[in-house]
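[1] With the input below, show me the fold.
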Amino acid sequence: MTTVGESHLQHGMRLRFKNQEATLVIQNIQFSHCGVYRWHLSGQGSSNKFTTLTVSEPPTISKENGCLICRATNVKAGRRIIWSNDLPRRQTEFTSTQDATGLFNLSSSQLWNDSFYSNPPCCKVMDEKGSQELCAQTCYTSAIVEKSSEVKQFPLFIMAQEGDTINITCTTTGKSSGLYLKRSTIRLIEVIHFSKKNKSIITKSYENRTIVSGSLNNLMITITNVQLNDTDVYTCEATTSDNLLGTGTIVVVTEKKWKKEDGNLKNSQVEVVLIVISFFIGLALWPLFMMMKKWVHKVRRTQNPSGSVYEDMSYAMQRNTTFQDNQYS
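    Next comes the predicted model:
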């Protein structure tokens, strides 16, 4: 055989030819590559020699009793588990006896560290010298999910008047790439999007009256000069694989009770103000009026006592005359 070059096969395999030598190269080895490989020369039949390829499945990682444990099943002796980080770990342990096929189960563990939430470690199986990877690595991405992701927002209800300023706070736990505040009932509008790079995109109708403060995990959104058409349900939404939603904030905007027009109150409102002021003035002066009335009456009686006697005598004579008329009738 004098051919020089390569021949690509399926599933990441290729043949490499050089002089009198042929080499089968398998890249990105998978569990499906397991099997017996035997050379077959044209015209000379199959070779009696063969190579058995055993590929271990990717290891599994789990958090148990304060430790992070990596387990690999059905691996040959002389292989070990290595981690992607440099934290202290226990030596690779054989957790089963050698079976009929000469395979073992392996495990390796290290103490749990809270940094795994932001930087999940990975593990993989290598040969004893650490020069050849024997399976795909597995990363503990479930560590992020384990720290439950949720979105909270408050307040639940806001009653405001035209021109007021309102605040809505969104808090998130877990990992997200961004946060939306959306109107979700009367009008479907993305009011604002805040990214993990602290960049915000505000929709045009809110552009000049929306202020954002805080971080992605604790964001306060301030909307100034609210109007009647701002009434809606405002919902916080975290950008995750599941797009988590907050409980929602109901915002109700009403007309302003004392609205100025050209610097003056409306005529109807002026009338109401005058009526109210007059009522309270009258209520305050009523006791004084009653006191003055009693005082004037007393002064008049003091200045004209004879008039009072005359009135009493006239009244008595009138009664006597009436009585006599009744006797003769």
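[2] C-alpha only now, for contacts and for neighbours.
    Fine.
[3] Run a quick neighbour tally on the closest residue to residue 85 other than its chain neighbours.
    Leaving out its chain neighbours, the residue that sits closest to residue 85 by Cα to Cα, 6 or more residues apart in numbering is residue 121, at 6.1 Å. Residue 121 has 20 neighbours, counted by other Cα atoms under 10 Å.
[4] pLDDT score assigned to residue 121?
    With respect to pLDDT, residue 121 has a value of 83.
[5] residues touching it, list them.
    83-85, 139-140 (Cα atoms under 8 Å, 6 or more residues apart in numbering).
[6] In the stretch 151-300 of the chain, where is pLDDT below threshold?
    241, 258-273, 276, 279-280, 283-284 (pLDDT under 70).
[7] what about the helices in the stretch 151-300 of the chain?
    In the stretch 151-300 of the chain, the segments counted as helices under DSSP state H, counting those that start in this stretch are 267-303.
[8] Residue ranges of each domain in the protein, please.
    Taking automatic domain parsing as the criterion, the chain consists of the domains 5-53, 60-146, 150-254.
[9] quick one: terminal-to-terminal distance for the last one?
    Taking Cα to Cα, to the nearest Å, the span from the opening residue of domain 150-254 to its closing residue is 32 Å.
[10] coming back round to it: nearest to residue 294, of the domains of the chain?
    Of all the domains of the chain, domain 150-254 sits nearest to residue 294, with 50.5 Å by Cα to Cα.
[11] before we move on, back to that, format the domains of the chain as TSV; extra columns: distance to residue 298.
    Listed next are the domains of the chain as TSV, based on distance: least, Cα to Cα, whole Å:
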stretch	distance to residue 298
domain 5-53	118
domain 60-146	92
domain 150-254	57
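[12] how many neighbours does the closest residue in space to residue 127 that isn't next to it in sequence have?
    Nearest non-adjacent residue to residue 127, counting by Cα to Cα, 6+ apart: residue 79, 4.4 Å away. Counted with other Cα under 10 Å, the neighbours of residue 79 add up to 19.
[13] can you tell me how far residue 79 sits from residue 59?
    Taken as Cα to Cα, the span from residue 79 to residue 59 is 13 Å.
[14] Can you pull the residues that touch both of those two?
    By Cα under 8 Å, 6+ apart, residue 79 and residue 59 have these common neighbours: residue 125.
[15] Sweet, I'm off.
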